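Undergrad: Could you look at this predicted model? Sequence included:
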Amino acid sequence: MCAFIDAHRDEHGVEPICRVVQIGSSSYYAHRTRKPSPRRRWVAELTEEITQVHKESYGVYGARKVHAELRRQGRDVAWCTVERLMRTAGLRGVSRAKGPRTTKPAPETDRPADLVNRDFTAETVNQLWVADITYVRTFAGWVYVAFVLDVFSPRIVGWQVSTRLYTALAIDALEMGIWTRRRDGEDLSGLVYHSDRGVQYRAVRYAERLAVEDAVASVGSRGDSYDNAMAEALNSLFKAELVRNHGPWRDVSHVEVAMAEWVDWYTIAVFMARSGTCLPLSSRQSTRSSLLGR
């Protein structure tokens with residue numbers, strides 16, 4: 001009623017409108033001068049915090065993850081309340097949509113066994129890594145992104161971006177993962193390196209590089225994404241949180257810079273979620289180097 005009166009008071013006046021809608025003019029003026037109730041102030045403060053958490057998460061968190069982040073920050077609030085306020089504020093998480101298939105299967109000759117058998121768990125770092133390749137459409141053409149994920153952390157230990165879907169892309173991502181762990185003085189002997197049957201992961205050069213590190217290759221069955229589900233899930237998360245949420249993309253350099261920022265944010269977010277800690281914005285950048293070493 002008060003909003004209607006505000007919209008038409010200049011044309012008809014307050015008292016005539018109040019008589020027609022059967023509301024006392026004193027009630028209208030009291031509503032305009034009354035201070036917000038404690039409940040209304042609490043809702044406004046919580047909505048502001050929810051908006052900030054959603055913004056810090058690349059705008060990708062839904063109600064469940066926003067609620068978890070608020071609880072880590074010490075906010076004792078119900079999940080349904082977060083969901084309701086996000087809906088009122090027009091905030092929502094991103095959805096994951098499927099894209100075209102990019103894996104080119106290699107010939108069935110001496111393929112490694114599936115040592116994972118869909119059990120994506122690890123008891124320590126460098127016990128099991130999973131790898132996969134996905135794609136990004138840019139104005140300059142297709143760009144391909146290779147990931148290497150440590151299952152235990154789970155941390156992205158290696159990644160590379162290229163305009164060519166060749167074996168060198170997968171090897172470069174592997175080399176980054178090896179360099180990251182060697183820099184920390186860790187031993188990769190006995191590492192199980194799991195991937196799909198793409199030709200990039202079945203190349204002789206790739207097998208030789210794993211053999212140098214005393215790592216063991218593992219591949220899933222043909223045409224079954226569940227056999228490499230953890231890497232597929234990371235690809236889906238990457239496409240939902242970065243590619244579709246922050247495009248369009250100009251070229252490979254544009255994707256590469258954004259990738260570096262997203263991987264750093266993902267690493268810190270995973271660390272905070274696993275440890276149950278909350279870092280203020282001012283200290284997250286300063287702690288980036290130490291967190292990336294874990």
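TA: In hand now; what should we look at? Numbers count the residues shown, from 1 in each chain.

Undergrad: CA atoms for contacts and neighbours, from now on please.
TA: Will do.

Undergrad: okay, now the domains of this protein?
TA: Here the domain parsing of the chain from automatic domain parsing is 2-89, 128-292.

Undergrad: Can you tell me which of the ones you listed is nearest to residue 116?
TA: For the domains of the chain, the distance to residue 116 is smallest for domain 128-292, at 7.3 Å, taking C-alpha to C-alpha.

Undergrad: tell me the average confidence for that closest one?
TA: Average pLDDT, domain 128-292: 84.

Undergrad: Next: stretch 36-54.
TA: pLDDT averaged over stretch 36-54 gives 89.

Undergrad: buried residues in that stretch?
TA: Within stretch 36-54, the residues that count as buried by 16 or more other C-alpha atoms under 10 Å are 46, 47, 50, 51, 53, 54.

Undergrad: Okay, the second one and residue 273: tell me how far apart.
TA: The gap separating residue 47 from residue 273 is 22 Å, by C-alpha to C-alpha, to the nearest Å.

Undergrad: returning to what we had before: comparing the domains of the chain, which comes out most buried?
TA: Highest mean neighbour count among the domains of the chain (mean count of other C-alpha atoms under 10 Å): domain 128-292, with a mean of 18.

Undergrad: Run through the residues that contact residue 181.
TA: Residues counted as contacts of residue 181 (C-alpha atoms under 8 Å, 6 or more residues apart in numbering) are 157, 187, 188.

Undergrad: Was I right to think the last one contacts residue 216?
TA: Read that as residue 188. No - the criterion here is C-alpha atoms under 8 Å, and residue 188 misses it with residue 216 at 10.0 Å.

Undergrad: OK, contacts around residue 12?
TA: By C-alpha under 8 Å, 6+ apart, the contact set of residue 12 is empty.

Undergrad: Could I get the full set of strands for the stretch 101-250 of the chain?
TA: With strands called from DSSP state E, counting those that start in this stretch, the stretch 101-250 of the chain shows them at 128-138, 141-150, 155-162, 192-195, 216-219.

Undergrad: got JSON lines for those strands, with distance to residue 210 too?
TA: As requested, the strands of the stretch 101-250 of the chain are arranged in JSON lines below (distance: least, C-alpha to C-alpha, whole Å):
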{"stretch": "strand 128-138", "distance to residue 210": "12"}
{"stretch": "strand 141-150", "distance to residue 210": "13"}
{"stretch": "strand 155-162", "distance to residue 210": "14"}
{"stretch": "strand 192-195", "distance to residue 210": "8"}
{"stretch": "strand 216-219", "distance to residue 210": "7"}
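
Undergrad: re the thing from before, now distance to residue 117 too, for the domains of the chain, in a markdown table please.
TA: A markdown table is the format used below for the domains of the chain (distance: least, C-alpha to C-alpha, whole Å):
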| stretch | distance to residue 117 |
| --- | --- |
| domain 2-89 | 29 |
| domain 128-292 | 7 |
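
Undergrad: And those domains: which comes nearest residue 118?
TA: For the domains of the chain, proximity to residue 118 was assessed by C-alpha to C-alpha; domain 128-292 is nearest, at 5.4 Å.

Undergrad: Pull up the gap between the closest residue to residue 218 other than its chain neighbours and residue 86, please.
TA: Among residues not flanking residue 218 along the chain, residue 194 sits closest, at 4.5 Å (C-alpha to C-alpha, 6 or more residues apart in numbering). Distance of residue 194 to residue 86, given as C-alpha to C-alpha: 39 Å.

Undergrad: repeat for residue 238
TA: Computed with C-alpha to C-alpha, the distance linking residue 238 and residue 86 is 23 Å.

Undergrad: again with residue 76
TA: The value you get for residue 76 to residue 86, if C-alpha to C-alpha is used, is 16 Å.
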